[in-house]
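Trainee: Next comes the sequence, and after it the predicted model I'd like to discuss.
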Amino acid sequence: MRRLVLLVALLAGSMAIAAPASARSTVFPDVISLPDGFFPEGIAVGSGHEVYSGSLTNGAIWKGDLRSGSGELLVPGTEGGIAVGMAFDDRSGTLFVAGGPTGTATVYDGTTGAVVVQLSLGGGFINDVIVTRTAAYFTNSFVPEIYEVPLNPRGAVDGPVRTIPLGGDFTFVPGAFNANGIEATPDGGTLLLAGSAAAELYTVDPITGVATAIDLDVSVTGDGLVLLGRTLYANENALNRIAVIDLSADLSSGAVVEYLTSAAYDVPTTSALFGSSLYAVNAKFGTQATPTTPYEIVRVDR
């Protein structure tokens, strides 16, 4: 009997030791290092737990793994290149990337990094993008308009770019960053837009461009946006937090119910959703960017 008790105790002890190791193997890291000097702004989750980020310094695209935290450059940087907001289309396996002051948008093969197509949009600052089942929509922070890139059912570009002037309630502040992050309802029938300079959020009719201000209980200086059901996550970069907004059924109003924060945040500009987590890139706008400046992707539970 004493031998049996001893054997059970030993087995229990070995299981107690082994369990944490097993648990650790399934834990996704809270902080993922990007290359030194990378200066990121955009982020997108690809197939499985793949993740992409782009560089404001030279337009390089980094591809990594959210589970292992490892990654490498998918697209090398080029002089004069810039990558801002991005979105992944799982139908085509392509990555849509806003080109900032270049006035362009580039579609990359998410596996090889090859350029699928490059599009001329307009002067100003092409800031962010969202992909729906029928189109990709890009924002321009310096001009009150957005751009629609038609897509076929396979996710390939299928027609000329359409410029959509923003009207209605949209507030445009000359010389400031205006239209910034963008999202869409699942059917693509309504866009959601962050107006950073005015600290307002809008719904936008993608056909007419008419914007309607969302009535919020507090102002939100939105950057990147993520929509999940009726919950909108809005990065407030300089405040080092993400506002969690409970929207009404018709999207006309909303209330900030909490703020997601992390001690590792350092100007988190945009976020991407994976499972029960939000991943944000640290742009560190208040830090002098050098070739040795460290940059990160930060995970928080939502």
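Mentor: Yep, that arrived.
Trainee: Give me the sheet partners of the helix or strand containing residue 255 and which way each runs.
Mentor: Using DSSP states H and E, residue 255 falls within strand 253-260. Using DSSP bridges, strand 253-260 pairs in its sheet with strand 215-216 (parallel), strand 241-247 (antiparallel).
Trainee: Of the ones you listed, which is nearest residue 30?
Mentor: strand 241-247 (14.8 Å; C-beta to C-beta). Using the backbone N, CA and C atoms, a C-beta is placed for each residue, glycine as well.
Trainee: Enumerate the beta-bridge partners assigned to the residue most central in space within the chain.
Mentor: Centroid-nearest residue in the chain: residue 271, 3.8 Å away (criterion: C-alpha atoms, centre = their mean). Legend: beta-bridge partners of residue 271 under DSSP bridges are residue 280.
Trainee: change the start of the numbering to 55 and stick with it
Mentor: Done: numbering now begins at 55, and the last item shifts to residue 325.
Trainee: For it, give me the pLDDT.
Mentor: Note on residue 325: pLDDT of 98.
Trainee: Tell me which helix or strand residue 265 sits in.
Mentor: In this structure, residue 265 sits in strand 264-267 according to DSSP H and E.
Trainee: residues in contact with that strand?
Mentor: 220, 221, 222, 223, 224, 247, 254, 255, 256, 257, 258, 306 (C-beta atoms under 8 Å, 6 or more residues apart in numbering).
Trainee: Now, of these, which are buried?
Mentor: Neighbour counting with 16 or more other C-beta atoms under 10 Å marks 220, 223, 224, 247, 254, 255, 256, 257, 258 as buried within those.
Trainee: Closest one to residue 164 out of the residues you listed, please.
Mentor: Using C-beta to C-beta, those come closest to residue 164 at residue 247, 25.4 Å.
Trainee: re earlier: which among the buried ones among the contacts of strand 264-267 gets closest to residue 108?
Mentor: Residue 108 lies nearest to residue 247 out of the buried ones among the contacts of strand 264-267, by C-beta to C-beta, at 20.5 Å.
Trainee: CSV please, covering the contacts of strand 264-267 and showing pLDDT.
Mentor: Listed next are the contacts of strand 264-267 as CSV, based on pLDDT from 0 to 100:
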residue, pLDDT
220, 98
221, 98
222, 98
223, 98
224, 98
247, 98
254, 98
255, 98
256, 98
257, 98
258, 98
306, 98
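Trainee: out of these, who's nearest residue 205?
Mentor: The closest of the contacts of strand 264-267, once distances to residue 205 are taken by C-beta to C-beta, is residue 258, at 18.2 Å.
Trainee: dump the residue contacts of the closest residue to residue 177 other than its chain neighbours.
Mentor: In this structure, residue 177 finds its nearest non-sequential neighbour in residue 157, 5.4 Å apart by C-beta to C-beta, 6 or more residues apart in numbering. By C-beta under 8 Å, 6+ apart, the contact set of residue 157 is 174, 175, 176, 177, 178, 180.
Trainee: What separation is there between residue 157 and residue 196?
Mentor: 10 Å (C-beta to C-beta, to the nearest Å).
Trainee: what sits in contact with each of those two?
Mentor: Joint contacts of residue 157 and residue 196 (C-beta under 8 Å, 6+ apart) are 177, 178.
Trainee: hmm, back to that, so which bits of the strand holding residue 265 are buried?
Mentor: So, applying 16+ other C-beta under 10 Å, buried residues of strand 264-267: 264, 265, 267.
Trainee: Repeat that for stretch 289-296.
Mentor: Buried residues in stretch 289-296, counted by 16+ other C-beta under 10 Å: 289, 290, 291, 294, 295, 296.
Trainee: Need the contact partners of it.
Mentor: So stretch 289-296 is in contact with 235, 274-279, 287-288, 297, 313-316, 319-325, 332, 334, 337, 339, 354, going by C-beta under 8 Å, 6+ apart.
Trainee: What residues does residue 260 make contact with?
Mentor: Residue 260 touches 189, 191, 202, 218, 238, 242, 243, 244, 245, counting by C-beta under 8 Å, 6+ apart.
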